[in-house]
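Participant: heads up, no residue letters with this:
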Ligand code: ATP
Ligand code: MG
Ligand code: FE
């Protein structure tokens, strides 16, 4: 099926078009430049930008695919989670398109779409060889280890962060060391100039009492915590300020990044090994992180687990991932959404489509 996917959950207005698992168009407009001065995404500004960008981005995607709306079989839109006002623009626009064209509409979960992008031909060579898929979702709002029994109907949560998401930790630490906003790419760049062993920052929830044993697993065996790490970075920075010494920002960035990548990859491989998962799809904005990509590649390889990492521009928010999940829903015969559905800012991974 030819599916248009629309994404407006945060600061990116994204429209993607797929034909089954083939990507035909991928257009994104970001309002990030308008938020930088505030050090965070301002919901009202993001929502207004979606109103302005909705039609231009949609038209650019149709142009890129050389299609008309009449050629489309279905429309998919992010229903949640995300910023309420931002989500509402995409959902209202998608409903209007569905009514105007008479095409079925799928309100989908943004988090599952971050994973579903891995099903595109350009991203994963062949998922058919895997007997049990898993996924690691690392984004601005979420850090979750998932077992994918069926992408469109049965996604099981194995573990998650109990406090900050990985991306959130990057953004907070970036503020502490003056790396700027958004923090992820800035720290990734600084870390390349620093020593990852300079500071030994904590790996949250890794103590024996948290982990338990394979026979009697602790309740946090596959969970993460990044708030202690953020506090440890804050204390380290403070020590330099107190003594009026220059903060070794690159070393702190590298050591922080090492701690994040280490604990995320260790628990991911453990959860996969203990749940018969033989292939992992990586998804979410933090999947753009160079050290995480490198260490996860090394550790999954050593454990004999396959790994799919999307290219950078399909890791951060986009419409192609929404279209990719929409096409899977159509292919699996899932019913379209009732047009009465609303945006759901707090939607969790248990709901794939509304
Ligand atoms: P969610 O998907 O949970 O709703 P979101 O859509 O806001 O949240 P994404 O767009 O998936 O999040 O990812 C944005 C996050 O990715 C930000 O926190 C950003 O700092 C982080 N990020 C982007 N590039 C990198 C990088 N190279 N290294 C680390 N983090 C990164
Ligand atoms: Mg974004
Ligand atoms: Fe996202």
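Facilitator: Now that the structure is in, tell me what you want to look at. It should be emphasised that the depicted structure is a prediction, and the values quoted were computed from it without experimental measurement. Ligands and ions are numbered 1, 2, ... in the order given.
Participant: helix/strand/coil for residue 185?
Facilitator: Look at residue 185: counting by DSSP: H, G, I helix; E, B strand; the rest coil, its state is helix.
Participant: contacts only, for the nearest residue to it once chain neighbours are set aside.
Facilitator: Once flanking residues are discounted, residue 185 sits nearest to residue 288: 7.3 Å by Cβ to Cβ, 6 or more residues apart in numbering. Where C-beta positions appear, they are placed from N, C-alpha and C, glycine not excepted. Residues near residue 288 by Cβ atoms under 8 Å, 6 or more residues apart in numbering: 184-185, 188, 312, 315-316.
Participant: any idea how far the residue nearest the centre of the chain is from residue 92?
Facilitator: In the chain, the centroid-proximal residue (Cα atoms, centre = their mean) is residue 284; its distance is 1.7 Å. In this structure, residue 284 and residue 92 are 26 Å apart, going by Cβ to Cβ, to the nearest Å.
Participant: likewise for residue 144?
Facilitator: From residue 144 across to residue 92, the span is 28 Å (Cβ to Cβ).
Participant: from memory residue 177 sits against residue 233, does it?
Facilitator: Yes - if you go by Cβ atoms under 8 Å, residue 177 and residue 233 touch, sitting 7.5 Å apart.
Participant: between these two, what contacts are shared?
Facilitator: Common neighbours of residue 177 and residue 233 (Cβ under 8 Å, 6+ apart) are residue 252.
Participant: tell me the mean pLDDT over the lengthiest helix in the chain?
Facilitator: Secondary structure of the chain per DSSP state H: the longest helix is helix 249-274. Helix 249-274 shows a mean pLDDT of 98 in the predicted model.
Participant: and it, does that touch ligand 1?
Facilitator: No - applying Cβ under 6 Å from any ligand atom, one finds helix 249-274 separated from ligand 1 by no less than 7.7 Å.
Participant: give the buried residues for that helix.
Facilitator: Neighbour-count burial for helix 249-274 flags 249-265, 267-272 (criterion: 16 or more other Cβ atoms under 10 Å).
Participant: chain center to stretch 283-302, what's the gap?
Facilitator: With Cα atoms, centre = their mean, to the nearest Å as the basis, stretch 283-302 stands 13 Å off its chain's centre.
Participant: ditto for stretch 12-22
Facilitator: With Cα atoms, centre = their mean, you get 16 Å for stretch 12-22.
Participant: list the buried ones in it?
Facilitator: Buried, per 16+ other Cβ under 10 Å, within stretch 12-22: 12-21.
Participant: repeat that for stretch 301-320.
Facilitator: For stretch 301-320, by 16+ other Cβ under 10 Å, it's 303, 305-310, 314-320.
Participant: so what's the closest residue to residue 148 other than its chain neighbours bridging to?
Facilitator: Sequence neighbours aside, residue 133 is the residue nearest to residue 148 in space, at 4.1 Å (criterion: Cβ to Cβ, 6+ apart). The partner list for residue 133 in beta bridges (DSSP bridges) reads residue 148, residue 279.
Participant: who in the stretch 201-350 of the chain is up against ligand 2?
Facilitator: residue 317 (Cβ under 5 Å from the ion).
Participant: so which residue of the stretch 201-350 of the chain comes closest to ligand 2?
Facilitator: residue 317 (4.8 Å; Cβ to the ion).
Participant: per-residue pLDDT, the residue of the stretch 1-150 of the chain found nearest ligand 3?
Facilitator: Nearest to ligand 3 in the stretch 1-150 of the chain, going by Cβ to the ion, is residue 139, at a distance of 4.5 Å. At residue 139, the model reports a pLDDT of 92.
Participant: before we move on, what about residue 124?
Facilitator: 86.
Participant: are we agreed that residue 29 is in a strand?
Facilitator: Yes - counting by three-state DSSP, residue 29 is located in a strand.
Participant: ranges for the strands of the protein?
Facilitator: Counting by DSSP state E, the chain has strands at residues 2-7, 12-19, 22-30, 74-80, 105-109, 133-138, 143-150, 154-160, 279-283, 306-308.
Participant: show me what the second one pairs with in its sheet, parallel or antiparallel.
Facilitator: Meaning strand 12-19. Strand 12-19 has these strand partners (DSSP bridges): strand 2-7 (antiparallel), strand 22-30 (antiparallel).
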